[in-house]
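In: what follows is a predicted protein model with its sequence.
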Amino acid sequence: MNSFNRLILLILALLLLAVPVVLLLIIYGVIPSDVVNQYTGYRAAVRALGDISTSSLTTGARTVIAIVGALVALIALLLLLRELTIGRRVSRSTVMDDSPGRETVITANAVKTLAESAAREVGAESPSVSLSSDKESYVVSTGIQVPDSDNYTELAARARENIRRVLGDQGVPVKDVEVTVRGTAS
């Protein structure tokens with residue numbers, strides 16, 4: 001997926017790991033609480049959270065807090081779901097030749113690049129490829145955009161056959177190639 005999603009998820013993961021660990025280290029006396037407070041100011045945040053009571057909040061403030069909380073949770077869930085491959089087993093690399101002295105491995109990124117290039121070669125625009133693996137072979141799913149002047153079905157069929165041919169010429173084990181037209185190219 002894209003790097004922005006991964007960056008956000010990395011930051012969230014680090015926060016979810018670092019905050020409890022630091023708090024546990026403070027509780028067990030491994031790290032002095034004064035040092036942590038000096039760098040983070042966590043005592044002021046804890047004090048501010050302790051001063052908030054539901055009776056002091058107006059209905060409008062409660063509504064805003066609920067909406068902001070729901071939006072943050074929804075965005076985090078969407079980013080997480082985009083990164084997960086539910087139901088698909090994705091192989092990071094595939095052994096092309098395992099004979100002694102001629103061992104060859106191809107990565108999933110190389111297969112994606114080959115498939116995208118093969119789709120562009122026949123006239124598809126903005127191809128995006130996702131891979132899943134079925135035993136020792138790939139299932140290649142490609143989304144393309146079609147120029148206004150082209151026929152959707154013809155271009156999709158040409159892209160499918162060219163992807164299958166290019167990957168086959170390189171010795172990549174392919175079980176199936178799926179091409180989906182996402183619309184016209186602008």
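Out: Sure, I can see it.

In: going forward, measure contacts between C-alpha atoms and count neighbours the same way
Out: OK.

In: element containing Ala156?
Out: helix 152-169 (DSSP states H and E).

In: show me what the mean pLDDT comes to for that helix.
Out: Across helix 152-169, the average pLDDT comes to 89.

In: so Pro32 sits against Val22, correct?
Out: No. Pro32 is not in contact with Val22 according to CA atoms under 8 Å; the separation is 10.4 Å.

In: what lies in contact with stretch 147-156?
Out: The contact list for stretch 147-156, computed with CA atoms under 8 Å, 6 or more residues apart in numbering, reads Val122, Gly123, Ala124, Glu125, Ile144, Val146, Val179, Thr180, Val181, Thr184, Ala185, Ser186.

In: could I get these as a markdown table with neighbour count?
Out: Shown next, in a markdown table, are these (neighbours: other CA atoms under 10 Å):
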| residue | neighbour count |
| --- | --- |
| Val122 | 17 |
| Gly123 | 17 |
| Ala124 | 25 |
| Glu125 | 19 |
| Ile144 | 26 |
| Val146 | 22 |
| Val179 | 23 |
| Thr180 | 18 |
| Val181 | 16 |
| Thr184 | 15 |
| Ala185 | 13 |
| Ser186 | 8 |
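
In: closest to Ala61 out of those?
Out: Ser186 (43.5 Å; CA to CA).

In: quick one, phi psi at the nearest residue to that closest one once chain neighbours are set aside?
Out: Nearest residue to Ser186, sequence neighbours excluded (CA to CA, 6 or more residues apart in numbering): Pro147, at 7.6 Å. Note on Pro147: its backbone torsions stand at phi -60, psi 150 [degrees, to the nearest 10].

In: got it, and Ser149?
Out: Torsion angles at Ser149 (phi, psi; degrees, to the nearest 10) stand at phi -80, psi -10.

In: and it, how far is that from Val46?
Out: 62 Å (CA to CA, to the nearest Å).

In: check Val30 too.
Out: For Val30, the distance to Val46 - CA to CA - is 20 Å.

In: please apply the same query to Ser126.
Out: Applying CA to CA to Ser126 and Val46 gives a distance of 49 Å.

In: these two: which is more packed in?
Out: Ser126 (15 against 10; other CA atoms under 10 Å).

In: helix/strand/coil for that one?
Out: strand (DSSP: H, G, I helix; E, B strand; the rest coil).
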